[in-house]
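**Q** This is a predicted model, with the sequence first.
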Protein chains: 2
Amino acid sequence: MTSEAALLHATDSRLPLYARLRDVLTRRVAAGEWAPDRAIPAESTLADSYGVSLGTVRKALEQLVDEGLLERRQGSGTFVRRARFDQSLFRFFRLSGGGAIPASRILRREVVDAWRLPATPLGVMAGGKAIRMQRLRLWGDEPFLAEDILLPFERFAGLMDLTTDELGPLLYPVYEAVCGQIIARAEEELTVAVADEAAARLLRCPVGSPVVRIERLALAHDGTALEWRRSSGLASQFRYKVDIK
Amino acid sequence: MTSEAALLHATDSRLPLYARLRDVLTRRVAAGEWAPDRAIPAESTLADSYGVSLGTVRKALEQLVDEGLLERRQGSGTFVRRARFDQSLFRFFRLSGGGAIPASRILRREVVDAWRLPATPLGVMAGGKAIRMQRLRLWGDEPFLAEDILLPFERFAGLMDLTTDELGPLLYPVYEAVCGQIIARAEEELTVAVADEAAARLLRCPVGSPVVRIERLALAHDGTALEWRRSSGLASQFRYKVDIK
DNA sequence: AACATATAGTCTTATAGAGGACTATATGTT
DNA sequence: AACATATAGTCCTCTATAAGACTATATGTT
């Protein structure tokens, strides 16, 4: 359409055309215009809509694919990518049994005043109430990860209506199905600590043995913080591989 | 030239043209045809040489840039990228004082029979002799990393002619200048362990305190293993950030 | 010697078009 | 109902061309 074309060319910064188109499309995805796993308009359609050439569209899409926002399937279309990083655990922990998802046991679930929390993560949930969950992840009968999860109540109130059994081992799909909240990306920070009494009891290890601590802030497409969690895992199970170039 | 063009089109796999060109160029870089920081032929030249269009060359180069093999400088040329990952420490350790390189102290340097080594890394140096160095890295007067480095003697014999002072805080430039060995990439694996007596003494920490262990295998462009090292660092200084998508 | 200016060479952006490859759906046949 | 085949729609490869932007060097001027 001419309206969209005008809109694009109006953002008359010094950025090249494909970069402007990329930013425009990012905003449309962030605004939730297309649901995850849904096809966005075809390259040729976009080219027409915005009044640019096919190559320019392709270059914009290419970057968004690299960023992990989109996903292309030849012959089928270009799709909003659904983040699936519960597998991130496998990057960090050496877990026997390939591919399968470790079991979860929810130990606690409560609504708390956010401002009462020990260290409110980044002031995210300032003011309001928060849902707090404690969860244990285990491989078979062996616990290897203790999690402390914090969610802003107003967005995730629906969670409290479910039984803990209904929550299942993967939370992010539940967030989406029950609360309509979609996790787009996350920032993780790893450090090493020693197990305090609580952690030692949960992980069945001696007090003072080393644990890896993972703090994760999960964000929506538009950058608002949706979930914070701190996980403590047995350091003996920890392993991480990197390729450096 | 026609010879090169023929060579490219002869590799008549089912791979697209740009992928074949990419592989051919990879081999030329790996063969050391262009030194690091040296410009390779211009895009237009390559297009002519191989008898393909400019767009095809650009797509091939693009991938090599993404892989970290090449580097483009507008107006100037396309260059073989020099791997500079001594900064990888900063990804893993929270070091006060931004940017500066931590000091090094070489504690030991000797030639050993490779087959005598406790766990010959990947059987790399099988048979021959090896250079073994022990090094301590410190921030000011604070030691934070103890390194055990292994090199195949036949390639790195020249190192034994230098004083340990001449080695300096960065080894890879020395490898290149003195021995002509260029590190292209590396594989690292991180685990958590507890300090044994030797490590505790070096790092000035109690025996049994948690340490992060980094095992690195550094490789040449053609994939031959050039250096293996195991570093142990104070876990209290360890921190690693990731963005997940 | 210092500074401005031109110039050649390089990568970058953008366009247009043609044919191929792949996928999902519709259609027809058995 | 099951299976093959056609078809439309999508992304993918490759070509060709033109003008812009940036860098380094050469040249000229002061």
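**A** Nice, thanks for sending it over. Residues are numbered from 1 along each chain as shown, chains lettered A, B, ... in the order given.
**Q** and the next element down the chain from the helix or strand bottoming out on mean pLDDT in chain A?
**A** Least confident helix or strand of chain A, by mean pLDDT, DSSP states H and E, is helix A:2-10 with a mean of 69. For helix A:2-10, the succeeding helix or strand toward the C-terminus, using DSSP states H and E, is helix A:17-30.
**Q** Could I get the buried residue list for that next one?
**A** Neighbour-count burial for helix A:17-30, counted by 16 or more other C-beta atoms under 10 Å in any protein chain shown, picks out A:17-26, A:29. For glycine as for every other residue, the C-beta is placed from the backbone atoms N, C-alpha and C.
**Q** send the alpha carbons of it over as CSV?
**A** Output of helix A:17-30 as CSV, limited to C-alpha atoms (Å, rounded to 0.1, in the frame of the first residue of the first chain):
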residue,chain,number,x,y,z
LEU,A,17,16.5,1.6,3.3
TYR,A,18,16.8,-2.0,4.3
ALA,A,19,17.7,-1.0,7.8
ARG,A,20,14.6,1.2,8.1
LEU,A,21,12.4,-1.6,6.7
ARG,A,22,14.0,-4.0,9.2
ASP,A,23,13.1,-1.7,12.1
VAL,A,24,9.6,-1.2,10.9
LEU,A,25,9.1,-4.9,10.7
THR,A,26,10.6,-5.4,14.1
ARG,A,27,8.0,-3.0,15.5
ARG,A,28,5.2,-4.9,13.8
VAL,A,29,6.4,-8.2,15.2
ALA,A,30,6.8,-6.6,18.7
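**Q** so does that helix get close to chain B?
**A** No. Helix A:17-30 does not reach chain B (C-beta under 8 Å from any C-beta of the partner chain); its nearest approach is 12.9 Å.
**Q** and that helix, is it in reach of DNA strand D?
**A** No. Judged by C-beta under 7 Å from any atom of the strand, helix A:17-30 stays clear of DNA strand D, getting no closer than 11.9 Å.
**Q** mean confidence for that helix?
**A** For helix A:17-30, the mean per-residue pLDDT is 96.
**Q** What separates the first and last residues of stretch A:135-145, distance-wise?
**A** Start-to-end span of stretch A:135-145 (C-alpha to C-alpha, to the nearest Å) is 8 Å.
**Q** now do stretch A:154-162
**A** Using C-alpha to C-alpha, the end-to-end distance of stretch A:154-162 comes to 16 Å.
**Q** quick one: contacts of that stretch?
**A** A:109, A:111, A:128-129, A:131, A:151, A:167, A:174-175, A:178-179, A:181, A:226 (C-beta atoms under 8 Å, 6 or more residues apart in numbering or on different chains).
**Q** Just these: which are in strands?
**A** A:109, A:111, A:129, A:131, A:151, A:226 (DSSP state E).
**Q** A:Glu4 versus the last one, what's the distance?
**A** Pointing back at A:Leu226 there. Separation of A:Leu226 from A:Glu4 (C-beta to C-beta, to the nearest Å) stands at 30 Å.
**Q** on that earlier part again, redo the ones in strands among the contacts of stretch A:154-162 as CSV? Include pLDDT, distance to B:Phe79 and neighbour count.
**A** Formatted as CSV, those follow (pLDDT from 0 to 100; distance: C-beta to C-beta, whole Å; neighbours: other C-beta atoms under 10 Å in any protein chain shown):
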residue, pLDDT, distance to B:Phe79, neighbour count
A:Arg109, 96, 56, 17
A:Val111, 93, 58, 14
A:Lys129, 86, 56, 17
A:Ile131, 92, 52, 21
A:Leu151, 91, 48, 26
A:Leu226, 90, 42, 21
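**Q** Among these, which one lies nearest to DNA strand D?
**A** A:Leu226 (28.5 Å; C-beta to the nearest atom of the strand).
**Q** Just to check, that closest one is in contact with A:Ile183?
**A** Yes. Contact status for A:Leu226 versus A:Ile183: in contact at 6.1 Å, counting by C-beta atoms under 8 Å.
**Q** which residues are common contacts for these two?
**A** Once C-beta under 8 Å, 6+ apart is applied, the residues that A:Leu226 and A:Ile183 both contact turn out to be A:175, A:218-220.
**Q** which two in the residues you listed are spaced the farthest apart?
**A** Spanning the widest gap among the shared contacts of A:Leu226 and A:Ile183 are A:Tyr175 and A:Leu219, at 12.4 Å by C-beta to C-beta.
**Q** more crowded one of the two?
**A** Neighbours around A:Tyr175 and A:Leu219, counted as other C-beta atoms under 10 Å in any protein chain shown, are more numerous at A:Tyr175. The numbers are 21 against 17.
**Q** Not counting sequence-adjacent ones, nearest residue to the more buried one?
**A** Excluding the flanking residues, the one nearest A:Tyr175 by C-beta to C-beta, 6 or more residues apart in numbering or on different chains is A:Gln181, at 4.7 Å.
**Q** ok, the one you found to DNA strand D distance?
**A** Distance of A:Gln181 to DNA strand D, given as C-beta to the nearest atom of the strand, to the nearest Å: 27 Å.
**Q** count of neighbours near A:Ile206?
**A** Just so we're on the same page, residue A:206 is Pro rather than Ile. A:Pro206 has 9 neighbouring residues, counting by other C-beta under 10 Å.
**Q** ditto for the one 4 residues further on
**A** Residue crowding around A:Pro210 was assessed by other C-beta under 10 Å; the count is 22.
**Q** Quick check: it touching B:Ala195?
**A** No. At 10.4 Å, A:Pro210 and B:Ala195 do not qualify as touching, with contact defined as C-beta under 8 Å.
**Q** Could you name every residue contacting both of these two?
**A** Joint contacts of A:Pro210 and B:Ala195 (C-beta under 8 Å, 6+ apart) are B:Pro210.
**Q** re earlier: closest to chain B out of the shared contacts of A:Leu226 and A:Ile183?
**A** For the shared contacts of A:Leu226 and A:Ile183, the residue nearest chain B by C-beta to the nearest C-beta is A:Ala218; the value is 8.7 Å.
**Q** In a strand, that closest one, correct?
**A** Yes. Looking at A:Ala218 with DSSP: H, G, I helix; E, B strand; the rest coil, it is inside a strand.
**Q** Beta-bridge partners for it, please?
**A** A:Ala186, A:Glu227 (DSSP bridges).
**Q** quick one: it and DNA strand C, what's the gap?
**A** Taken as C-beta to the nearest atom of the strand, the span from A:Ala218 to DNA strand C is 29 Å.
**Q** Run a quick neighbour tally on that residue.
**A** Neighbour number of A:Ala218 under other C-beta under 10 Å is 24.
**Q** Quick one: residues contacting it.
**A** A:Ala218 makes contact with A:172, A:183, A:185-186, A:225-229, according to C-beta under 8 Å, 6+ apart.
**Q** and which of those residues is nearest DNA strand C?
**A** Set against DNA strand C, the nearest of the contacts of A:Ala218 by C-beta to the nearest atom of the strand is A:Tyr172 (23.7 Å).
**Q** Excluding chain neighbours, give the residue nearest to A:Glu187 in space.
**A** A:Leu217 (5.0 Å).
**Q** Please apply the same query to A:Ser49.
**A** A:Glu4 (4.9 Å).
**Q** What about whichever residue of chain A sits closest to DNA strand C? Give its phi and psi, please.
**A** Residue nearest to DNA strand C within chain A (C-beta to the nearest atom of the strand): A:Gly75, separated by 2.2 Å. Backbone torsions for A:Gly75, taken as degrees, to the nearest 10, come to phi 80, psi -10.
**Q** okay, it: pLDDT?
**A** 96.
**Q** what about it, distance to A:Glu43?
**A** Counting by C-beta to C-beta - A:Gly75 and A:Glu43 are separated by 13 Å.
**Q** And these two? Which one has more around it.
**A** A:Glu43 (17 against 4).
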